[in-house]
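> Quick check, what structure comes out for this input:
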Amino acid sequence: MMRTPTVVRAEGLPERVTIYEVGPRDGLQNESGLVPTAVKAEFVQRLLAAGLPIVEATSFVHPKWVPQLADAADLMTLLGETGRDLPVLVPNDRGLDRALELGCRHIAIFGSATETFAQRNLNRGLDEQFAMFEPTVRRAREAGLDVRAYVSMCFGDPWEGAVPVEQVVEVGKRLFDLGASQLSLGDTTGVGTAGHVTSLVRAFGDAGMGTDRLAMHFHDTYGQALANTYAALRAGITTYDASAGGLGGCPYAESATGNLATEDLVWMLHGLGIETGVDLEQVVSTSVWMAAQLGRPSPSAVVRALGGTVGPGTAESGA
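This is a model prediction of the structure:
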């Protein structure tokens, strides 16, 4: 079996791409069974050892809303100095307080491109969310922290249907105006297609927000994540969110399954001759190990191909 793709370089693509690993946070956040903190810490450490340059560790959300991440402070303490350089999601000022107490240097906020999802996820309206984010971003920047902003439902909303491109661009502009350094555009329910991706990236560029400040966050719910990634590559995007083993989705949108698997993304990028700095074999091994911790196979096609079927007790031991 081939364990690396044949490299065939395509013209007009970036030479290097940054993978923003979200498995420990977005991947695990809606797991029904609580994952031990020590396992989460080893998951993060394995991903870093595999060469992933950015690993989002956790979220300081209220335990009532996401019980899986109730151990955020314990996890960051366990990760020590390494943890301080890893991004954490903060939903509001209270979450920022916790991040600052632990010495975190990078935070992310999570906004919505639609009214309905803003209400369901943030308990705020589309416009009201910015008033909630403003003091958090301002305080974070004053403290010297970097702030990333996620925007969900950029390609379609299960309650509202199609989302106008200009609406997404306006939300993104307002988040940049607040002080975000990077914007991650989320296809939360995986309904986007390649032409839609091209159109959205072009619209951001036309509005003065270049590809160097944008990232893409694709879900593979409809099998479009890699096609959409290729379209974004051709449009000049060089940062992509992905989740090791294809773990996760959004707990507030039932159809938000199938994060783009890190391994599937790496296989395609390496086949295109695009550098990532990521050791594919190590990421596969990590996902096989984590699948064993969770007691089910990984949904990643590349993990299935290279790692085999896994279940409880069949992967290498770890935490």
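> quick one: the strands in this protein?
Ranges of strands within the chain are 18-21, 54-55, 58-59, 88-89, 106-112, 146-152, 182-186, 214-217, 239-242, based on DSSP state E.
> Who are the packing partners of the second one?
When contacts are defined as 3 or more CB pairs under 8 Å, 6 or more residues apart in numbering; DSSP states H and E, strand 54-55 packs onto strand 18-21, helix 37-49. Every C-beta, even on glycine, is put in place using the N, C-alpha and C of the backbone.
> Determine which of the strands of the chain approaches Arg138 most closely.
strand 146-152 (9.6 Å; CB to CB).
> Quick check: which helices or strands does that closest one pack against?
strand 106-112, helix 128-142, helix 165-178, strand 182-186.
> May I see these arranged in a markdown table, with mean pLDDT as well?
A markdown table is the format used below for these (pLDDT from 0 to 100):
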| stretch | mean pLDDT |
| --- | --- |
| strand 106-112 | 97 |
| helix 128-142 | 97 |
| helix 165-178 | 98 |
| strand 182-186 | 98 |
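> Kindly reformat these as a markdown table containing distance to Val151 and mean neighbour count.
Output for the helices and strands packed on strand 146-152, formatted as a markdown table (distance: least, CB to CB, whole Å; neighbours: other CB atoms under 10 Å):
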| stretch | distance to Val151 | mean neighbour count |
| --- | --- | --- |
| strand 106-112 | 5 | 24 |
| helix 128-142 | 10 | 17 |
| helix 165-178 | 6 | 19 |
| strand 182-186 | 6 | 24 |
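> Let me see the ranges of the helices in the protein.
Using DSSP state H, the helices of the chain run over residues 37-49, 72-84, 93-101, 115-122, 128-142, 165-178, 194-206, 225-234, 262-271, 280-294, 301-307.
> what does the last one contact?
This means helix 301-307. With contact meaning CB atoms under 8 Å, 6 or more residues apart in numbering, helix 301-307 is reached by 1, 3, 245-246, 261, 263-264, 266-267, 280-281, 284-285, 287-288, 291, 297-298.
> Any chance of a ChimeraX selection covering the buried ones in the residues you listed?
This is how ChimeraX selects the buried members of the contacts of helix 301-307, with burial counted by 16 or more other CB atoms under 10 Å:
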select :245,246,261,263,264,266,267,280,284,285,287,288,291,297,298
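> Take the helices and strands packed on strand 146-152 and lay them out in CSV including distance to Ala70.
As requested, the helices and strands packed on strand 146-152 are exported to CSV (distance: least, CB to CB, whole Å):
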stretch, distance to Ala70
strand 106-112, 18
helix 128-142, 20
helix 165-178, 27
strand 182-186, 24
